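K.L.:
Structural data only, the sequence is not supplied:
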């Protein structure tokens, strides 16, 4: 089958280089101590530390960012203690674990799956959608059929712990996501490799006890993840519907293109969303961004969002600045 990369070719010659130069002109990036800071990998939440550790092994071995982010997020996908991603994730209100994921490389190649069941590693299915099909997204039964054709094994993803939480929820059946509690958080990862290329991945089991068929921002390119190799990359966490409505991660990257630092871009995107919500104190929205030069920034509505950063100096968990 013709590969995704063979199907679509992108050229990044002269004009693109000029555009990149203009994008950073006048911004504090040119004076940042993080300029040409590579390789580096960042990801959302505390479970990002273990994910970063795996991704760093590839980056330190001079591997590509796209391979690093896929390998990195597979760690929480397989960890039943991370109850918002992959195996052990909270089910929907029907008691079914449904997974969403997307991945994007430096050439605008991307792949995505949504409402995928019985497959532990949706990110790797998304990678094969990118690499082996002319499409960007496969969903539901079609995504499952494709995964099985590619050799993925089906398995029961509902752990006793997640099932017990679901049965407890059934007693009242109230859908009310709690801010910064693991019932709607995901893992988004961004990496810059030694070659100077950016890639990103995002994977989740979605909002706990969601309606059957609900899809959030995590598998949607531009909403939960976006990569522009001239400028930078962004990923998001929190209430996915809000990122979908604002195409949040694309917004962050475009603000970086206009000269904002990653932190400034994340903050402006959060402020724009909050300004339109009115009742924004009831929600959490957080963005994490990585520039082409390796500068990291983040911002959120509510305090409590943290992110993991790993580079040659080691790994650290940082708290994002917040609107409240």
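P.N.:
Thanks, I have the structure now. Remember, it's a predicted structure, so these values are computed and weren't measured experimentally.

K.L.:
Which parts of the stretch 151-300 of the chain are helices?
P.N.:
Taking DSSP state H, counting those that start in this stretch, the helices of the stretch 151-300 of the chain run over residues 160-170, 240-246, 248-257, 262-277.

K.L.:
Tell me which of those helices is the most buried.
P.N.:
Comparing the helices of the stretch 151-300 of the chain by mean neighbour count (mean count of other CB atoms under 10 Å), helix 248-257 ranks first with a mean of 25. (Each C-beta comes from the backbone N, C-alpha and C, glycine too.)

K.L.:
Now do that one: distance to the chain's middle.
P.N.:
How far helix 248-257 lies from its chain's middle: 14 Å, per CA atoms, centre = their mean, to the nearest Å.

K.L.:
Might you list the low-confidence residue ranges for the stretch 201-324 of the chain?
P.N.:
For the stretch 201-324 of the chain, no stretch is flagged by pLDDT under 70.

K.L.:
where exactly do the strands run in it?
P.N.:
Taking DSSP state E, counting those that start in this stretch, the strands of the stretch 201-324 of the chain run over residues 225-228, 232-238, 285-291, 296-300, 306-311, 314-319, 321-322.

K.L.:
Give me the sheet partners of the shortest one and which way each runs.
P.N.:
What that stands for is strand 321-322. strand 296-300 (parallel) (DSSP bridges).

K.L.:
by how many degrees do the partner strand and strand 285-291 diverge?
P.N.:
Note on geometry: by axes from the mean of the first three to the mean of the last three CA atoms, to 10 degrees, strand 296-300 and strand 285-291 are set 170 degrees apart in direction.

K.L.:
what comes into contact with strand 296-300?
P.N.:
The contact list for strand 296-300, computed with CB atoms under 8 Å, 6 or more residues apart in numbering, reads 34, 40, 42, 237-238, 261-267, 269-270, 284-291, 305, 307, 309, 318, 320-323.

K.L.:
May I see the ChimeraX selection of the buried members of those residues?
P.N.:
Selecting the buried subset of those in ChimeraX, with 16 or more other CB atoms under 10 Å as the burial test, is done by:
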select :34,40,42,237,238,261,262,263,264,265,266,267,269,270,284,285,286,287,288,289,290,291,305,307,309,320,322,323
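
K.L.:
related to what we said a few turns ago, so can I have TSV of the strands of the stretch 201-324 of the chain showing distance to residue 158?
P.N.:
What follows is the strands of the stretch 201-324 of the chain, written out as TSV (distance: least, CB to CB, whole Å):
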stretch	distance to residue 158
strand 225-228	26
strand 232-238	23
strand 285-291	28
strand 296-300	30
strand 306-311	27
strand 314-319	29
strand 321-322	34
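
K.L.:
Tell me where the stretch 1-150 of the chain has helices.
P.N.:
Secondary structure of the stretch 1-150 of the chain (DSSP H, counting those that start in this stretch): helices at 4-7, 14-24, 48-60, 65-78, 122-132, 140-149.

K.L.:
list the buried ones in stretch 94-106?
P.N.:
Under the neighbour-count criterion of 16+ other CB under 10 Å, stretch 94-106 has 97, 98, 99, 100, 101, 102, 103, 104, 105, 106 buried.

K.L.:
which ones among those residues are found in strands?
P.N.:
99, 100, 101, 102, 103, 104 (DSSP state E).

K.L.:
The second one contacts residue 210, correct?
P.N.:
No: the pair residue 100 and residue 210 does not pass the contact test of CB atoms under 8 Å, sitting 10.6 Å apart.

K.L.:
about what we covered before: among the strands of the stretch 201-324 of the chain, single out whichever gets nearest to residue 159.
P.N.:
strand 232-238 (22.2 Å; CB to CB).

K.L.:
Centroid-wise, who is the farthest residue in the chain?
P.N.:
For the chain, the largest distance from the centre (CA atoms, centre = their mean) belongs to residue 171, which lies 32.4 Å off.

K.L.:
And that one, how far from residue 165?
P.N.:
From residue 171 across to residue 165, the span is 11 Å (CB to CB, to the nearest Å).

K.L.:
Could you do residue 44 as well?
P.N.:
21 Å.

K.L.:
What of residue 111?
P.N.:
Between residue 111 and residue 165 the computed distance is 30 Å (CB to CB).
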